[in-house]
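**Student:** I would like to see how this sequence folds:
(2 chains)
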Amino acid sequence: GENVEQHPSTLSVQEGDSAVIKCTYSDSASNYFPWYKQELGKRPQLIIDIRSNVGEKKDQRIAVTLNKTAKHFSLHITETQPEDSAVYFCAASNAHQGAQKLVFGQGTRLTINP
Amino acid sequence: GAVVSQHPSWVICKSGTSVKIECRSLDFQATTMFWYRQFPKQSLMLMATSNEGSKATYEQGVEKDKFLINHASLTLSTLTVTSAHPEDSSFYICSARAGLAANEQFFGPGTRLTVL
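**Tutor:** Predicted coordinates:
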């Protein structure tokens, strides 16, 4: 089955700097890669996703890149703000598996220092 | 749109009792619902997948007789933790997917279960 590895587990950056979180996946059939932001005790919130027919997607300060050959994808947050502090999870799913289960990475605790 | 609710938001129970958690899709019909468990400072681990009108599919290592899942309608799935023990204390989160062709899952707010 699919296995998703996420790095780093913790990341601390100065406000205004950029943050990058990386994930690798094992199943070459995976074709949907969402990123979630989760605040303590809250539900995961989808912040951006990418499908395997594109290599990059951007939404304001957030961007995701996908390298299908290397089976890795990354989240880029620019001009970080204190409210970006949270735990971020990547995930992968395979549309060809009936249920399209999401397999999550281990999470990255991002801290933005003012 | 695409709102998923869970009830209760938190529950405290005694060891040996059973607890039922409801997951509802409020403004769409969910062909598939997923149940996750999240321990403190850990990732979301899928417990089971449920499709309306059929038996749930459990992930390896998840006891189906302990975690009963019922997906009786296109808007409601329930998870019952039977004979709960302290090690079952966790954050339980459901998600719902609208349509077989849909990728995105919409998450409920979670239920914090504490077993004394």
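**Student:** From B:Tyr92, how far off is the residue nearest the centre of chain B?
**Tutor:** In chain B, the residue lying closest to the centroid (Cα atoms, centre = their mean) is B:Trp35, at 3.5 Å. Distance check for B:Trp35 against B:Tyr92: by Cβ to Cβ, to the nearest Å, it reads 7 Å. Backbone N, C-alpha and C define where each C-beta goes, glycine included.
**Student:** between those two, what contacts are shared?
**Tutor:** Listed as contacting both B:Trp35 and B:Tyr92 by Cβ atoms under 8 Å, 6 or more residues apart in numbering or on different chains are B:Leu79.
**Student:** Identify the residue nearest the residue nearest to the centre of chain B in space, chain neighbours excluded?
**Tutor:** Spatially, and ignoring its direct neighbours in sequence, B:Trp35 is nearest to B:Met47 (4.6 Å; Cβ to Cβ, 6 or more residues apart in numbering or on different chains).
**Student:** Give the rounded mean pLDDT of the helix or strand hosting the one you found.
**Tutor:** Assigned by DSSP states H and E, B:Met47 belongs to strand B:45-51. For strand B:45-51, mean pLDDT rounds to 93.
**Student:** Show me what A:Thr108 is bridged to.
**Tutor:** Taking DSSP bridges as the rule, A:Thr108 bridges to A:Tyr88.
**Student:** now it: how far from B:Lys55?
**Tutor:** A:Thr108 is 36 Å from B:Lys55, where distance means Cβ to Cβ.
**Student:** ditto for B:His7
**Tutor:** Counting by Cβ to Cβ, the separation of B:His7 from B:Lys55 is 23 Å.
**Student:** now swap in A:His72 and tell me
**Tutor:** Computed as Cβ to Cβ, the A:His72 to B:Lys55 distance reads 36 Å.
**Student:** Please identify which of those two sits among more neighbours.
**Tutor:** A:His72 (16 against 12; other Cβ atoms under 10 Å in any protein chain shown).
**Student:** wait, what's in contact with the closest residue to the more buried one other than its chain neighbours?
**Tutor:** Excluding the flanking residues, the one nearest A:His72 by Cβ to Cβ, 6+ apart is A:Thr24, at 4.4 Å. The neighbourhood of A:Thr24, defined by Cβ under 8 Å, 6+ apart, consists of A:4-5, A:70-72.
**Student:** try 10 Å this time
**Tutor:** Residues in contact with A:Thr24 (Cβ atoms under 10 Å, 6 or more residues apart in numbering or on different chains) are A:3-7, A:67, A:70-74, A:90, A:92, A:105.
**Student:** Let's verify it: helix, strand, or coil?
**Tutor:** Secondary structure, DSSP: H, G, I helix; E, B strand; the rest coil: A:Thr24 is strand.
**Student:** For A:Pro34, see how far away it is.
**Tutor:** Applying Cβ to Cβ, the value for A:Thr24 to A:Pro34 is 15 Å.
**Student:** near chain B, which residues of chain A show up?
**Tutor:** A:1, A:4, A:6, A:9, A:31-34, A:36, A:38, A:40-46, A:49, A:51, A:87, A:89-91, A:93, A:95, A:97-107, A:109 (Cβ under 10 Å from any Cβ of the partner chain).
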